[in-house]
Each structure stands twice: as structure tokens, then as C-alpha cells.
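Trainee: After the sequence you'll find the predicted model.
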Amino acid sequence: MAGETDEAKGRVKQAVGDLTDDDDLKREGKIDEGAGKVKGAVDDVKDKLTGND
């Protein structure tokens, strides 16, 4: 769940960065989105290891 939130937040930051021509915000959004994907992958692995899938 936290991973999905970070991904969404990252996409919003990227969109706002595109609209405002703010390269730093776009970069921040990409980082947030990537972090969200990693969190999601870690959660998936954890669920499989604990049998909570």
C-alpha cells in the first residue's frame, strides 16, 4: 500500500514538474515513483515468504 502511494505521489510530482517546467520536481517525482515500485516489490516478496499472498 505504501508503495502505491509513493508511486502516485511521484507521478503527480512529475506531472506538475512538466506543467511548470521544473526539472527538479520532475526528477523528485521519478525518484518517488521508483521508491514506490521498490517498496511494492519488497512487500510482495515479504508476503510470499510469510504466506500472506
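Mentor: Received, thanks.
Trainee: host element of the closest residue to Val38 other than its chain neighbours?
Mentor: Of all residues not flanking Val38 in the chain, Gly3 sits nearest, at 7.4 Å (Cβ to Cβ, 6 or more residues apart in numbering). Bear in mind the C-beta positions are built from the backbone N, C-alpha and C, glycine included. Here Gly3 sits within helix 2-20, counting by DSSP states H and E.
Trainee: For that helix, give me every contacting residue.
Mentor: Here helix 2-20 makes contact (Cβ atoms under 8 Å, 6 or more residues apart in numbering) with 22-43.
Trainee: List the buried residues in the next helix-or-strand element following it.
Mentor: Once helix 2-20 ends, the next helix or strand along the chain (criterion: DSSP H and E) is helix 23-50. Buried positions in helix 23-50, judged by neighbour count with 16 or more other Cβ atoms under 10 Å: 25-26, 28-29, 32-33, 35-36, 39-40.
Trainee: could you give the angle of helix 23-50 to helix 2-20?
Mentor: 170 degrees (axes from the mean of the first three to the mean of the last three Cα atoms, to 10 degrees).
Trainee: Quick check: the gap between Lys37 and Asp44.
Mentor: Distance of Lys37 to Asp44, computed by Cβ to Cβ, to the nearest Å: 11 Å.
Trainee: could you point out where this protein is predicted with low confidence?
Mentor: 53 (pLDDT under 70).
Trainee: rerun at 90
Mentor: 1-3, 44, 47-48, 50-53 (pLDDT under 90).
Trainee: what about Lys9, neighbour count?
Mentor: 16 (other Cβ atoms under 10 Å).
Trainee: same thing with the one 5 residues further on?
Mentor: Taking other Cβ under 10 Å as the criterion, the count of residues near Gln14 is 18.
Trainee: In space, what's closest to Asp43 - neighbours in sequence excluded?
Mentor: Gly3 is the one closest to Asp43 (Cβ to Cβ, 6+ apart), at 6.1 Å.
Trainee: repeat for Asp23
Mentor: Using Cβ to Cβ, 6+ apart, the closest residue to Asp23 is Gly17 (6.9 Å).
Trainee: quick one: the one you found from Gly29, how far?
Mentor: 6 Å.
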